[in-house]
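K.L.:
predicted model, plus sequence, below.
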Amino acid sequence: MAEIGFIGLGNMGGPMARNLVAAGHKLRGFDVVPAAVEAAREAGIEPVGSAAEAVQGVEALVTMLPAGQQVREVYAGGGGVIAAAAPGTLLIDSSTIDVGSARAVHEAAAAAGHAMLDAPVSGGVAGAAAGTLTFMVGGAEAAFARGKPLFEIMGRNVVHAGGAGNGQVAKVCNNMILGISMIACAEAFTLADKLGLDPKTLFAISSKASGSCWAMLNHAPVPGVVETSAADRDFQPGFAAAMMHKDLKLSQEAAGQAGAATPLGAEAAALYTLFVNAGNGELDYAAIIKMIRGEG
């Protein structure tokens, strides 16, 4: 049993932390939202009053935060985690953030004598609750070996993506593929409907043919085709459109910094910007089909 700190106990971090408790670890948790702290307390997590307190006396710390700005502040800001942690503490950031921020925090942690991993996840809230997340992990091999037993409690697939920041690189590239794929699915199912082809028939064909893709097999944007699709629950989110929008923006920021041409990624980001700005950010990302169809 290890003592672990956890910062960010919201929709993703909360269930991830609870899975660590269920596995027998002792957790100290911090969040700025009182309701999240109370839920953590009820799950057996010891609440603390600050990020610095969360890292004191622990072997490892996990963070799940909204964006790069918060990650920089929590780790490297005044009174932050890096300054408060004992030398050698394993620091794991599972937020999805920009590659530049991830690598900057890695450098600050290394300068203070801490091992650091950037370990964003795929799998959404359902995967966090079920302990079936995919972790894409950047950092040194030795740090990855230390973190892997914790990842295997919170997730099913754990992949070492390489050096500092490469977990974030893998995440934005993966989700750029996902966003582009969902838009393609939305267009195809909309076209099929307008031309009189039943969506179940299109799925039966494309799922076994060259049009098959993960987005369609798991999140087909029409009801009655895939049990795991949000279309069957009025597009209540498994992975919110606002989160897809965030990830696509990160992919385009990374593409600009790297000088990489991503025309389909740029178009996907633009379409999700329109969709989210129209007030649809809390719907599932598959609900983009509503805009493709001209609904609302």
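P.N.:
Perfect, I can see it now.
K.L.:
contacts for the helix or strand that E73 is a member of next, please.
P.N.:
Element membership of E73 [criterion: DSSP states H and E] is helix 68-76. Outside helix 68-76, the residues that touch it by Cβ atoms under 8 Å, 6 or more residues apart in numbering are 7, 51, 63, 65, 80-82, 91, 93, 95, 97-98, 100-102, 104-105, 108-109. Heads up, the C-betas are built off the backbone N, CA and C, glycines and all.
K.L.:
mark which of these are buried, thanks.
P.N.:
By neighbour count, with 16 or more other Cβ atoms under 10 Å, these hold 7, 51, 63, 65, 80-82, 91, 93, 95, 97-98, 101-102, 104-105, 108-109 as buried.
K.L.:
narrow the residues you listed to those in strands?
P.N.:
7, 63, 91, 93 (DSSP state E).
K.L.:
E187: which of those residues is nearest?
P.N.:
D93 (35.5 Å; Cβ to Cβ).
K.L.:
so what pairs up with the closest one in the strands?
P.N.:
Beta-bridge pairing for D93 (DSSP bridges): T63, D118.
K.L.:
report the two of the ones in strands among the buried ones among the contacts of helix 68-76 separated the most.
P.N.:
Once Cβ to Cβ is applied, these give I7 and L91 as the farthest pair, at 10.4 Å.
K.L.:
what sits in contact with each of these two?
P.N.:
61, 63, 81.
K.L.:
any idea how far the second one is from A287?
P.N.:
With distances defined as Cβ to Cβ, to the nearest Å, the gap from T63 to A287 amounts to 29 Å.
K.L.:
likewise A192?
P.N.:
18 Å.
K.L.:
just to revisit the earlier point, out of the contacts of helix 68-76, list just those in helices.
P.N.:
Using DSSP state H, the members of the contacts of helix 68-76 that fall in helices are 51, 81-82, 100-102, 104-105, 108-109.
K.L.:
between the residues you listed, which is nearest M216?
P.N.:
Checking those one by one against M216 (Cβ to Cβ), the nearest turns out to be A102, at 30.7 Å.
K.L.:
isn't that closest one up against G163?
P.N.:
No. Between A102 and G163 there is no contact under Cβ atoms under 8 Å: 10.8 Å.
K.L.:
joint contacts of the two?
P.N.:
Joint contacts of A102 and G163 (Cβ under 8 Å, 6+ apart) are G138.
K.L.:
buried stuff in the longest helix seen in the chain?
P.N.:
The residue-count maximum for a helix in the chain (DSSP H) belongs to helix 166-194. Under the neighbour-count criterion of 16+ other Cβ under 10 Å, helix 166-194 has 166-186, 188-190, 192 buried.
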